[in-house]
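**Student:** need the 3D shape of this:
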Amino acid sequence: MATRKLLYHFNRAPYGTVFHTEGWRAAVGALAGIDEHQVTLLMQADGVYYALKGADRAENLGYEGTLKKGGVKFYAVKEDLEARGISEGELANDITVIPRSQSWALYEGADFCLDW
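**Tutor:** Numbers count the residues shown, from 1 in each chain. The predicted structure follows:
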């Protein structure tokens, strides 16, 4: 089977629900199969709060390590950070900030998008 590009899009705040944990777990599952999927994680809207250095990632540490080993990239949308008064200096080191126009390119290039 051909490699598929999967975009995991997080647009909800990372607290009060299981969306972030389940999304990260699903991304690991996509890497674990016999198919070779290219997985990308995009944080925008209130999902950018998960990109903060102080965000509680305890539930996802195992998933995070597996995703990094699998070459998964973690992105946050610049305009959504700015709208919430978040500077790039406040983000975790594994986050790459991209402009909204580049996030649309991720959507266009994806074979399948999953909203969390």
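
**Student:** contacting residues for L106?
**Tutor:** The neighbours of L106, taking CB atoms under 8 Å, 6 or more residues apart in numbering as the test, are 7, 40, 42, 75. Bear in mind the C-beta positions are built from the backbone N, C-alpha and C, glycine included.

**Student:** can you list the residues you listed in a markdown table and add neighbour count, distance to A51 and secondary structure?
**Tutor:** What follows is the contacts of L106, written out as a markdown table (neighbours: other CB atoms under 10 Å; distance: CB to CB, whole Å; DSSP: H, G, I helix; E, B strand; the rest coil):
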| residue | neighbour count | distance to A51 | secondary structure |
| --- | --- | --- | --- |
| L7 | 21 | 16 | strand |
| T40 | 19 | 14 | strand |
| L42 | 23 | 10 | strand |
| Y75 | 21 | 9 | strand |
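
**Student:** is L114 in a bridge, and if so with what?
**Tutor:** Y8 (DSSP bridges).

**Student:** which secondary element of this protein has the worst mean pLDDT?
**Tutor:** For the chain, the helix or strand with the lowest mean confidence is helix 61-69, at a mean of 85 (criterion: mean pLDDT, DSSP states H and E).

**Student:** quickly find the element holding the spatially most central residue of the chain.
**Tutor:** For the chain, L41 is the residue whose C-alpha lies nearest the centre (CA atoms, centre = their mean; 2.5 Å). According to DSSP states H and E, L41 maps onto strand 38-43.

**Student:** show me what that strand is packed up against.
**Tutor:** strand 5-10, helix 19-32, strand 73-77, helix 100-109 (3 or more CB pairs under 8 Å, 6 or more residues apart in numbering; DSSP states H and E).

**Student:** which of those has the lowest mean pLDDT?
**Tutor:** The stretch with the lowest mean pLDDT among these is helix 19-32, at a mean of 88.

**Student:** pull out the buried residues from that helix.
**Tutor:** For helix 19-32, the neighbour count (16 or more other CB atoms under 10 Å) marks 19-21, 23-24, 27-28, 30-31 as buried.

**Student:** do the same with stretch 85-102
**Tutor:** 86, 91, 95, 97-98.

**Student:** any chance of those in a markdown table, plus secondary structure, distance to E64 and pLDDT?
**Tutor:** Putting the buried residues of stretch 85-102 into a markdown table (DSSP: H, G, I helix; E, B strand; the rest coil; distance: CB to CB, whole Å; pLDDT from 0 to 100) gives the following:
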| residue | secondary structure | distance to E64 | pLDDT |
| --- | --- | --- | --- |
| I86 | coil | 20 | 97 |
| L91 | strand | 15 | 96 |
| I95 | strand | 12 | 94 |
| V97 | strand | 18 | 98 |
| I98 | strand | 19 | 98 |
